[in-house]
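>>> Provided below for reference: sequence and predicted model.
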Amino acid sequence: MKGVNSAKLILFHHPSSPQKPHPLLSNHRILLILFVSFFTFASLLTLLSTTTSFSSSSKISPTSSFSTAASSSAPLSPHVFDALLHYAANSNLTGLMKRADLLAIAAVLRRRVPCNLLVFGLGDETPLWRALNSGGRTVFLDENEYYVSHIESLNPGIESYDVAYTTHVRDLADLLAAARDSRAADCRPFQNLLFSDCRLALNDLPNHIYDVAWDVILVDGPRGYAAAAPGRMAAIYSASVMARYRGQGPTDVLVHDYDREVERVCSEEFLCKENRVAVVNATEKLAHYVIPGGAAARRDVFCVNSTGTAAS
């Protein structure tokens, strides 16, 4: 007799599904991937920016006195120069200077551009002077900080600064007397205006203005038509010193509204009759002086015959 068969147990085991990662671990991985991606992108962007900046800066001469914006413009062709001058000279803008004076100033610029041009005063001619000196550096100085902001909004990229004048037209005689008394000290003709204590010296301009060798200086501001107006005594005095101090060659200094007493007297006092040159076809409102610079500049007196001009 056979023995009793023992019961057999067959177990069917269903394979379990893959185990899902913990949600917290998954979030960490996502954050890690995002962080690595962001860091890689930021590093690449920084590298590209640095390479571009280095490439651009390497094209600019470190000895150039022009600003980056100015040096990036090419000088105008004679045809474009003439066209701009033609339309400006025949404009009907009420604030524009007389056509003859406009053409005379442009004739000086035609010989010197591209150059370092310093203009005292902002007005309807401002865009023209800036355009004619394309490829050079043109800086404007004006007494009204709000007008400076207004002009800057209309002419993006223009280089202009406001000036705080402390002089008045009615003080002409007193200011001239003080300058003559201090001609060997604070008001000497050859000095760095930045450190000058002369009452006629403009010593609060941006520092880099004093380091430029100006080729052409146009004095067409500040206001000088009333006794309480600042007058152009300080502008003319400072233009004379700037031309002598930094200029390696002659500097053309043009004074507009020369028919007025302040402009005439101060020009004769600081720019000097022996430096005045004829202005072809210009009106009596414009005077042109050529101031020697460098080794040719006089360091002891402004004028050869410095006898002083009477001021009423």
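Done, it's in. Please read these numbers as outputs of a predicted model, since none were measured by experiment. Residues are numbered from 1 along each chain as shown.
>>> show me where the stretch 101-250 of the chain has strands.
116-120, 137-142, 159-162, 216-219 (DSSP state E, counting those that start in this stretch).
>>> among the ones you listed, which is nearest residue 98?
strand 216-219 (14.7 Å; Cβ to Cβ). To be clear about C-beta, it is placed using only N, CA and C from the backbone, and glycine gets the same treatment.
>>> and for that closest one, what are the contacting residues?
105, 108-109, 112, 115-121, 129, 232, 235-236, 239, 242-243, 251-256, 263 (Cβ atoms under 8 Å, 6 or more residues apart in numbering).
>>> so where's the stretch 1-150 of the chain uncertain?
1-72 (pLDDT under 70).
>>> coming back round to it: and the strands of the stretch 101-250 of the chain, which is most packed in?
strand 216-219 (a mean of 26; mean count of other Cβ atoms under 10 Å).
>>> Adjacent strands (with direction) for that strand?
Strand 216-219 sits in its sheet next to strand 116-120 (parallel), strand 251-256 (parallel), going by DSSP bridges.
>>> Quick one: distance of it to the chain centre.
How far strand 216-219 lies from its chain's middle: 14 Å, per Cα atoms, centre = their mean, to the nearest Å.
>>> any idea of the mean pLDDT in that strand?
Over the span of strand 216-219, the pLDDT mean works out to 98.
>>> And for stretch 282-291?
Averaged over stretch 282-291, pLDDT sits at 96.
>>> what residues does it touch?
97-98, 100-101, 103-105, 108, 240, 243-244, 247, 250-259, 263-264, 267, 271-272, 275-279, 297.
>>> For residue 99, which residues are in contact?
89-90.
>>> Over to the one 4 residues further on?
With contacts defined as Cβ under 8 Å, 6+ apart, residue 103 is in contact with 85, 89, 281-282.
>>> just checking, residue 123 touches residue 223?
No - counting by Cβ atoms under 8 Å, residue 123 does not reach residue 223; the two are 11.1 Å apart.
>>> higher neighbour count, these two?
residue 123 (20 against 16; other Cβ atoms under 10 Å).
>>> Not counting sequence-adjacent ones, nearest residue to the more buried one?
Nearest non-adjacent residue to residue 123, counting by Cβ to Cβ, 6 or more residues apart in numbering: residue 95, 5.9 Å away.
>>> and if you look at residue 224?
residue 231 (4.6 Å).
>>> Need phi/psi at the one you found.
phi 70, psi 170 (degrees, to the nearest 10).
>>> so how far is residue 270 from it?
For residue 231, the distance to residue 270 equals 14 Å [Cβ to Cβ, to the nearest Å].
>>> And for the spatially closest residue to residue 274 that is not a sequence neighbour, the neighbour number?
The shortest distance from residue 274 to any non-neighbouring residue, by Cβ to Cβ, 6+ apart, is to residue 304 (5.4 Å). Using other Cβ under 10 Å, residue 304 has 10 neighbouring residues.
>>> what do you get for residue 107?
15.
>>> Against residue 116, how distant is it?
Counting by Cβ to Cβ - residue 107 and residue 116 are separated by 18 Å.
>>> where exactly do the helices run in the stretch 101-250 of the chain?
Here the stretch 101-250 of the chain has its helices, by DSSP state H, counting those that start in this stretch, at 126-132, 145-154, 172-181, 233-245.
>>> so can I have JSON lines of those helices showing distance to residue 213 and mean neighbour count?
Shown next, in JSON lines, are these (distance: least, Cβ to Cβ, whole Å; neighbours: other Cβ atoms under 10 Å):
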{"stretch": "helix 126-132", "distance to residue 213": "18", "mean neighbour count": "20"}
{"stretch": "helix 145-154", "distance to residue 213": "24", "mean neighbour count": "13"}
{"stretch": "helix 172-181", "distance to residue 213": "24", "mean neighbour count": "16"}
{"stretch": "helix 233-245", "distance to residue 213": "9", "mean neighbour count": "26"}
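>>> Mind putting the ones you listed into CSV with distance to residue 81?
Output for the helices of the stretch 101-250 of the chain, formatted as CSV (distance: least, Cβ to Cβ, whole Å):
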stretch, distance to residue 81
helix 126-132, 6
helix 145-154, 22
helix 172-181, 38
helix 233-245, 24
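>>> between those, which one is nearest to residue 164?
The minimum distance between residue 164 and those falls on helix 145-154, with 8.8 Å, by Cβ to Cβ.
>>> got the contact list for that closest one?
With Cβ under 8 Å, 6+ apart as the test, helix 145-154 has contacts from 122, 126, 140, 142, 158, 160-162.
>>> same deal with stretch 191-203?
Counting by Cβ under 8 Å, 6+ apart, 163, 166-167, 175, 178-179, 182, 186-187, 205, 207, 210, 233-235, 237-238, 241-242, 245 sit against stretch 191-203.
>>> Repeat that for stretch 157-169.
Contacts for stretch 157-169 (Cβ under 8 Å, 6+ apart): 67, 69-70, 122, 126, 130, 137-145, 148, 151-152, 175, 199-200, 202, 204-206, 209, 222, 224, 226-231, 233-234, 262.
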